[in-house]
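1. fold the following, please.
(chains A, B and C)
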Amino acid sequence: MVTLAKFLADSVWPQALEPRASERVRCESLERAVAAGGYVCRKGEPVEYWVGVIEGLVKISSVSPEGKAVTFTGVRAGGWFGEGSLLRPDPWRYDAVALRDSRVALVPRATFDWLLDSSIGFNRFLLGQLNERLAQFIAMVEYDRLLDPDARVARCLAALFNPRLYPGSSRELMISQEELGYLSGVSRQRVNQALQRLGEIRLLRVDYGKVTVLDLEGLKAFEG
DNA sequence: TCATTAAATTGTT
DNA sequence: AACAATTTAATGA
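-> This is a model prediction of the structure:
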């Protein structure tokens, strides 16, 4: 099991910090275990932490007052989220729900603000991260309107395996086809068909509750 | 270790 | 949306 200290040491952004700064980050960060189905944060709560996923899978989603659910994206081990929310004075605009038993690293707002004020490397990392997300969401709007469900599932999976957002994570992802449906905006049945097709052409392999990416570039470029 | 059962997930209509 | 089939995890002999 990966410890908080090891997770921080292996993350990209602390490596850009001076020794004193990364020491402070190590001291002030917390770790929290969240059981499957549990909340990492909830819409409306004050934003107190920047969140890194040490282990597991967290989905960023929202539920309308009428009870309709939308899933925006999933965050895998190695990924960080909440920087956009920390940069605003507002409370969380979305829920973050653990899809499996997960562990997260929490960097307090004060530490985050201090890094923002003192480290160019940290700012550069954040800019890159925000840019990567922006690109991801623009691409989602584009392929939502242009591509068929098979391709939408393919690109959605490719996004989950983005090495810039989730460095060093494995080629495997434990996730049900139902959740993949929420993530890609496609029915569970359609996800099942898409996965079978993508499996036939060897872009990925499907097992019980698991998908393994065999050809990330192929998934990214898949158009049907 | 094996059999039984419930729960989760998948495959099909 | 409904249903059947399959896989996994938990339980107890």
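
2. who's A:Tyr39 bridged to?
-> In this structure, A:Tyr39 bridges to A:Val97 when assessed by DSSP bridges.

3. so what's the spatially most central residue of chain A up against?
-> Nearest to the mean C-alpha position of chain A, counting by C-alpha atoms, centre = their mean, stands A:Val75 at 1.6 Å. The contact partners of A:Val75, taken as C-beta atoms under 8 Å, 6 or more residues apart in numbering, are A:53, A:57-60, A:81, A:96, A:165-166. For every residue, glycine as well, the C-beta is placed using N, CA and C.

4. mind doing that once more with 7 Å?
-> A:53, A:58, A:60, A:81 (C-beta atoms under 7 Å, 6 or more residues apart in numbering).

5. before we move on, which element is the spatially closest residue to the third one that is not a sequence neighbour in?
-> Nearest residue to A:Ile60, sequence neighbours excluded (C-beta to C-beta, 6 or more residues apart in numbering): A:Phe72, at 4.6 Å. Secondary-structure assignment from DSSP states H and E places A:Phe72 in strand A:69-76.

6. give the next helix or strand downstream of that strand.
-> Assignment by DSSP H and E places the next element after strand A:69-76 at strand A:80-81.

7. who does that next one pair up with?
-> Assessed with DSSP bridges, strand A:80-81 is paired to strand A:49-55 (antiparallel).

8. what comes up buried for the helix or strand following the partner strand?
-> Heading C-terminal from strand A:49-55, the first helix or strand you meet, by DSSP H and E, is strand A:57-63. Neighbour counts over strand A:57-63 (16 or more other C-beta atoms under 10 Å) mark A:57-61 as buried.

9. filter those by proximity to DNA strand C?
-> By C-beta under 7 Å from any atom of the strand, no member of the buried residues of strand A:57-63 lies near DNA strand C.

10. picking up where we left off before, in CSV, list the contacts of A:Val75 along with pLDDT.
-> Formatted as CSV, the contacts of A:Val75 follow (pLDDT from 0 to 100):
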residue, pLDDT
A:Val53, 97
A:Val58, 98
A:Ile60, 97
A:Phe81, 98
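
11. would you turn these into CSV with distance to DNA strand B?
-> Output for those, formatted as CSV (distance: C-beta to the nearest atom of the strand, whole Å):
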residue, distance to DNA strand B
A:Val53, 18
A:Val58, 15
A:Ile60, 19
A:Phe81, 22
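
12. among the residues you listed, which two are most distant?
-> Pairwise distances across those peak at 11.0 Å for A:Val53 and A:Ile60 (criterion: C-beta to C-beta).

13. hang on, the earlier thing: quick one: distance of the strand holding A:Phe72 to the chain centre.
-> Chain-centre distance of strand A:69-76: 8 Å, with C-alpha atoms, centre = their mean, to the nearest Å.

14. does DNA strand C sit close to that strand?
-> No: Strand A:69-76 does not reach DNA strand C (C-beta under 7 Å from any atom of the strand); its nearest approach is 13.1 Å.

15. which of the residues in that strand are buried?
-> Buried-residue list, strand A:69-76, by 16+ other C-beta under 10 Å: A:71-76.

16. out of those, who's nearest DNA strand B?
-> Minimum distance to DNA strand B across these is 14.2 Å, recorded for A:Gly74 (C-beta to the nearest atom of the strand).
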